[in-house]
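[1] dropping the sequence and predicted coords here.
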Amino acid sequence: MKPLKIHSFLLIICFALFISSCSTTSTSVQVLVPADITVPHNIRKLVIANRSLPDKGEQFSNFIEGFLTGESILADREGSKRCVEGLGNKLNSSPRFDAVISHTSLKGTGTREFSVPLQWNMVNNICKQYNADALVLLETFDSNIAFKTDKKQKKQTIKDKETGISRDTIITEYLADLIINVNAGWRIYDPVNKKIIDEDSFTDEKRWAEKGKNPEDVERKLPSKRDAINGAGYFAGQQFAMRISPNWKNATRYYYIKGRNNYFKMAKQYAKAGNWDKAMEFWGNLTSNPNRKIAGRASHNMAVANEMKGNLKQALKWADTAYKKYNIKKDRTYINILTRRIMDQDKLKEQM
């Protein structure tokens, strides 16, 4: 009898969790996130160029380095080009900048060391050629590869096709990690004020983890080292774009669709269609409901609807009500999210 009772108890818990999970649904919102640095307002169009490639005197040492470290020959050359492309594409998808890529031949150190700043007459000429307000240079680019392998034993149940009998067996699973570290150094040149707006280098990591039945199976699933460096380079360019330009990020918000009241069901249809005003009419009527659970859930939903409409301060008030007055505990986190978004608004106004 005891196993039956335990089994029944687990079923009840699972059913309760299922019901609880069905009491909410989610919606997505695009959130504009400020950049790490603020570029002057007069700069709208950027021209991007690659200065990380080595001069003739440095090419041989870079070749030897690539040979000794196992990197593909000329992999950093290709990776740096992809890095510039990643920056350009990400900037053009942002609301702040227009970007164009220059193929002007500029030579640097080919290492992690910055060259002396580009002469201002060259900066001015490149900007004029592309009708740009500022020049962004990839001054350095260097990648490092780490390749880790491992294996572990695990139990697997195998069913015999003929007899239908299942048996446990121990199999060996092979694991591999390919990790690319890209160090990219950037400068932003303002030709009008003859000023370097920003100069910094960043290290970004991209990794691929695979598992298989044997070493060959794992290797087939991993990208080639050259493809991995190209992918990591493109990723590093995108990361720098997010450091200098406000960018859109997808966020998920949940809202309640059940609460012992048909108004939740009716409001759900309007919310799913993006008609937040109509949904708020139903939820607003429930915020003063004598049932505290219903009032709390409706208050939370009012917060979400206001955020969707861009009314962040009003959203914060409703989230605060849901948490402090009606003890909707999840809204403590939501209050922090909304507070951060409101703080970001001043920075976004400055940057945009």
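    Good, I have the coordinates.

[2] isn't residue 199 up against residue 186?
    Yes: shown here, residue 199 and residue 186 form a contact pair, counting by Cβ atoms under 8 Å, at 7.4 Å. The C-beta positions use only the backbone N, C-alpha and C, and glycine is treated the same way.

[3] what's the helix or strand where residue 281 lies packed up against?
    Per DSSP states H and E, residue 281 falls inside helix 276-286. Packed against helix 276-286, as judged by 3 or more Cβ pairs under 8 Å, 6 or more residues apart in numbering; DSSP states H and E, are the following elements: helix 262-272, helix 292-308.

[4] among the ones you listed, which is nearest residue 131?
    When the helices and strands packed on helix 276-286 are compared by Cβ to Cβ, helix 292-308 sits nearest residue 131, at 38.4 Å.

[5] show the contacting residues for the residue nearest the centre of the chain.
    Among the residues of the chain, the one closest to the centroid is residue 249, at 7.3 Å (Cα atoms, centre = their mean). When the contact criterion is Cβ atoms under 8 Å, 6 or more residues apart in numbering, the partners of residue 249 are 30, 31, 33.

[6] how many residues are close by the last one?
    Counted with other Cβ atoms under 10 Å, the neighbours of residue 33 add up to 17.

[7] bridged to it, which residues?
    residue 247 (DSSP bridges).

[8] my read: it touches residue 246, true?
    Yes: Residue 33 lies in contact with residue 246 (Cβ under 8 Å); the separation is 6.4 Å.

[9] quick check: phi and psi at the closest residue to residue 24 other than its chain neighbours.
    Leaving aside its sequence neighbours, residue 24 sits nearest to residue 254 (Cβ to Cβ, 6 or more residues apart in numbering; 4.6 Å). Backbone torsions of residue 254, given as degrees, to the nearest 10, read phi -100, psi 150.

[10] likewise for residue 36?
    Note on residue 36: backbone dihedrals following degrees, to the nearest 10 are phi -70, psi -40.

[11] OK, contacts around it?
    Counting by Cβ under 8 Å, 6+ apart, residue 36 touches 242, 243, 244.

[12] how does the chain divide into domains?
    23-33+249-351, 45-143+183-207+214-244 (automatic domain parsing).

[13] just send the ones you listed back as CSV, with distance to residue 155 and mean pLDDT too.
    Rendered in CSV, the data for those read as follows (distance: least, Cβ to Cβ, whole Å; pLDDT from 0 to 100):
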stretch, distance to residue 155, mean pLDDT
domain 23-33+249-351, 36, 93
domain 45-143+183-207+214-244, 18, 88
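
[14] may I see the ones you listed arranged in TSV, with distance to residue 175 as well?
    Supplementary listing: these in TSV, determined by distance: least, Cβ to Cβ, whole Å:
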stretch	distance to residue 175
domain 23-33+249-351	31
domain 45-143+183-207+214-244	7
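
[15] quick one, which of these is nearest to residue 39?
    With Cβ to Cβ as the yardstick, what comes closest out of those is domain 45-143+183-207+214-244 (6.0 Å).
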